[in-house]
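Participant: based on what follows, work out the 3D shape:
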Amino acid sequence: MPSRYFSFSTLLLFSFLGPLSACVPKSPASSNAVASKSGHDLQIQMVENHAQGVYQAWKSTHEHAKALEDAVNAFLATPTPESLSTARQAWIDARMVYSPTEAFRFQGGPIDGENGPEGLINGWPLDEAYVDYVVDSPGAGIINDTDQFSELTAELLVGLNEKGGEENIATGWHAIEFLLWGQDSDPVGPGARSPEDYIAVKNPGATRRALYLRLTTTLLVRHLEGLVTAWEPEKSDNYRSAFVSNPTSATKLMLTGMGMLAGDELAGERMAVAWETRDQEDEQSCFSDTTHLDIKGNLAGVVRTYTGRHGGVDGVSMKDWMTGVDPVAAQAIDAAISKAEQSVSAMQGPFDAAIQAPDDDPRRIAVGEAISAIEHLAETIAKSAARIGIQINLEGG
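Facilitator: Numbering: from 1, shown residues only. Down below sits the predicted model:
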């Protein structure tokens, strides 16, 4: 989603960054290589391999979302601590498969182009009181407002998503997350919603809460299915067919997705905002305390776009193509990826505890260093792209 406060490039965290221009020196001859026949053939194979990887990644995400739906339905049929734990784990498993797909964003493609479902799938941060009760307001939320919303339907929830404000999230991963975990008031752990919230004889809102959870989980599966269709192979009228038909445009879109996810979105919106405010409400998966997994998954999505490994495919990659066009540009990205991966691996969870720690605490320092390394990766992607004649805008404008 777009930045709510500021671009990361304007943060005090510039103090972490060294001069980037020295990392990728200019190469006047590199732009000529883009037009070479051999380079163009390799680029075609690279784009086609990427498209197949995108399809496989969305297909796997959709399958995991269906497994989540099955686990949610099993929990609602028999609300016990054990079935709730199983549903929560299914959410985590599906979410981990989804997170790398965010590298497909910021390109005007099926996920977040005009009328794209991204806001319905992954909108955040979520105002808990918009959906259900909170500690200081037991009658809050769509679930408990039977006067205004007498009948809960999928169409209603879609219409209410982000209605009246971007934090009025009614559908998607984080609505499901909140309904499974509840508010997170534990400084060292996730939310602890009781399965009794879904037992009608013990909780008067249980029936509507169960319906809401079932509806939003079904919507998630439906919206992901549309993305699978958009990237399905051997179709002449879907997004994939148009994408692979123009390798030059496709390459720019791939690089844009990598740079935007790494920089303005991941290093900025998802990490630096929370690091700066120290506010748990600014972390992405705050109810389940799995934000650290989101960060690792998002970075993995950037890396897989570069290495051609989305969806488990193993063909010609952007790294292969870029190495042939301009080895220095490829080496710079390799080095930046290595540093970012090392920095993210060094972070200690949970993320909310790390950002709220004192400035001299190793956990908070590690987050700051990871932010710096991921932002450096974004800048390196942009500079390496420029070396080969491709201009990408990390501000998304």
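
Participant: dump the residue contacts of Gln43.
Facilitator: By CB atoms under 8 Å, 6 or more residues apart in numbering, the residues touching Gln43 are Pro247, Thr248, Thr251, Trp321. Heads up, the C-betas are built off the backbone N, CA and C, glycines and all.

Participant: those residues, buried ones only, as a ChimeraX selection?
Facilitator: To isolate the buried ones among the contacts of Gln43 in ChimeraX, judged by 16 or more other CB atoms under 10 Å, type:
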select :247,251,321
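
Participant: alpha carbons only: can I get the host helix or strand of Asp334 in CSV?
Facilitator: Per DSSP states H and E, Asp334 falls inside helix 327-345. Output in CSV follows, covering the C-alpha atoms of helix 327-345 (Å, rounded to 0.1, in the frame of the first residue of the first chain):
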residue,chain,number,x,y,z
PRO,A,327,28.6,-8.0,-15.3
VAL,A,328,29.4,-5.0,-13.1
ALA,A,329,25.7,-4.2,-12.7
ALA,A,330,24.9,-7.8,-11.9
GLN,A,331,27.7,-8.0,-9.3
ALA,A,332,26.5,-4.9,-7.6
ILE,A,333,23.0,-6.5,-7.1
ASP,A,334,24.6,-9.7,-6.0
ALA,A,335,26.6,-7.9,-3.3
ALA,A,336,23.6,-5.8,-2.2
ILE,A,337,21.4,-9.0,-1.9
SER,A,338,24.0,-10.8,0.2
LYS,A,339,24.2,-7.8,2.6
ALA,A,340,20.4,-7.5,2.8
GLU,A,341,19.9,-11.2,3.5
GLN,A,342,22.6,-11.2,6.2
SER,A,343,21.1,-8.2,7.9
VAL,A,344,17.5,-9.6,7.9
SER,A,345,18.8,-12.9,9.2
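
Participant: and for that helix, what's in contact with it?
Facilitator: So helix 327-345 is in contact with 23-25, 27, 30, 262, 295-296, 299, 302-303, 306, 319, 322-323, 366, 369-370, 372-374, 376-377, 380-381, 383-385, 387-388, going by CB under 8 Å, 6+ apart.

Participant: in the stretch 201-350 of the chain, which spans are strands?
Facilitator: Applying DSSP state E, counting those that start in this stretch to the stretch 201-350 of the chain gives no strands.

Participant: quick revisit: which ones among the contacts of Gln43 lie within helices?
Facilitator: Pro247, Thr248, Thr251, Trp321 (DSSP state H).

Participant: Tyr55: what's it in contact with?
Facilitator: Residues near Tyr55 by CB under 8 Å, 6+ apart: Val228, Trp231, Glu232, Pro233, Arg240, Gly311.

Participant: looking at the contacts of helix 327-345, which are in helices?
Facilitator: 30, 295-296, 299, 302-303, 306, 319, 322-323, 366, 369-370, 372-374, 376-377, 380-381, 383-385, 387.

Participant: for the ones in helices among the contacts of Gln43, which one is nearest Thr86?
Facilitator: Nearest to Thr86 among these, counting by CB to CB, is Thr251 at 42.2 Å.

Participant: for that closest one, give its distance to Leu42.
Facilitator: 11 Å (CB to CB, to the nearest Å).

Participant: how about Ile143?
Facilitator: Using CB to CB, we find Ile143 at a distance of 54 Å from Leu42.

Participant: please apply the same query to Leu255.
Facilitator: 16 Å.

Participant: more neighbours: which of the two?
Facilitator: Shown here are Leu255 and Leu42; by other CB atoms under 10 Å, Leu255 has more neighbours (25 against 20).

Participant: could you report the pLDDT at that one?
Facilitator: If you check Leu255, the pLDDT there is 98.

Participant: that one: what's it in contact with?
Facilitator: Contacts of Leu255 by CB under 8 Å, 6+ apart are Met318, Ile381, Ala382, Ala385, Ile390, Ile392.
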